[in-house]
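# Curious how this folds, go ahead:
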Amino acid sequence: MAEYTPTPEAVLRTLDVNEHLADPSIKQAFVTPMFDIIAPRYDRFTRWFSFGMDATWKREAMDAVREAARRIRPVQRALDLATGTGDLAFALARLWPGVQVDALDASPRMIDQARQRLAVRDADVATAVTAMVGDMMALPQGDASVDVITASYAVRNVPDARGAVREMARVLRPGGVLVTLDFYKPAFAPWRALFLGYLQVAGDMVGYAWHRDPVVYGYIARSIAHFMTEAEFSELLNDEGFDVVSVQCYLFGGVGRHVARRR
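Here you go, the predicted structure:
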């Protein structure tokens, strides 16, 4: 008799989001099946939920990567963390001739989506990108082996933000570039309450409509509430061996882009 393997949907229904967000030792057990569930609709949801702003944020992030990496000659290896369906990874592959890009995500279904895109829509960069399932807390790349790292909506979802940043510092070469894009907890309390309130209500509604499980997208607001401000993330980067080159805030601190260089 074949062994029963529960679906991500079945797994998620047995877990309490607040308990898992509060305990780093079990956080990933919630995050991975959640992203497995949303993988097929991830791109559509992200564009809709951000009113199309996500595409602009990512385009500007890639402009920041290009500018910050001018001092690196040549850029030979790049790493895109929490790659999702591969947006930034494929953009990295188009920036520099001959670059090799590792596209890493903890969700197997997300990596399946990225590989499908490589086979069809983004076939022009298929030889330059390696899509892989992996753990940001224990990166498979060697010490000082990567020139550029991008990470969109990544650090907020790991069990230990400091440990993840430390891993990025380990695999980046001295002088290497890190560009992150993420949701942050707004510092201004009235706006924080309004921002998180909207994200939770809208996320719960979409989660129920699409998956009959509000927390699938309502997780976003809950995870931000357990995260940090963009200024606190700048301090973390500095503590872990990075010089912060620039910070760009969107939505009054609800979203931020950091450009940093490995000391």
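# what about the strands in this structure?
77-81, 100-105, 129-133, 146-152, 172-183, 242-250, 255-262 (DSSP state E).
# Send over the last one as CSV, restricted to the C-alpha atoms.
It refers to strand 255-262. C-alpha atoms of strand 255-262 as CSV (Å, rounded to 0.1, in the frame of the first residue of the first chain):
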residue,chain,number,x,y,z
VAL,A,255,7.8,48.3,1.6
GLY,A,256,11.5,49.0,1.3
ARG,A,257,14.5,48.3,-1.0
HIS,A,258,18.0,48.1,0.4
VAL,A,259,21.2,48.2,-1.6
ALA,A,260,24.2,47.0,0.4
ARG,A,261,27.8,46.0,-0.3
ARG,A,262,29.7,43.3,1.5
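# Low-confidence stretches in this protein?
Scanning the chain for pLDDT under 70 picks out the ranges 1-4.
# To residue 21, which of the strands of the chain lies closest?
strand 172-183 (13.6 Å; C-beta to C-beta). Every C-beta, even on glycine, is put in place using the N, C-alpha and C of the backbone.
# Name the residues of that closest one that come out as buried.
For strand 172-183, the buried set under the neighbour-count rule, 16 or more other C-beta atoms under 10 Å, comprises 172-173, 176-183.
# The spatially most central residue of the chain and residue 90, how far apart?
Against the mean C-alpha coordinate of the chain, by C-alpha atoms, centre = their mean, the closest residue is residue 154 at 2.6 Å. Distance of residue 154 to residue 90, given as C-beta to C-beta, to the nearest Å: 16 Å.
# rewinding a little: so which of the buried residues of strand 172-183 comes closest to residue 242?
Using C-beta to C-beta, the buried residues of strand 172-183 come closest to residue 242 at residue 178, 6.4 Å.
# Distance of that closest one relative to residue 146?
Counting by C-beta to C-beta, the gap from residue 178 to residue 146 is 10 Å.
# got any residues that touch both of the two?
Taking C-beta atoms under 8 Å, 6 or more residues apart in numbering as the contact rule, residue 178 and residue 146 both touch residue 172.
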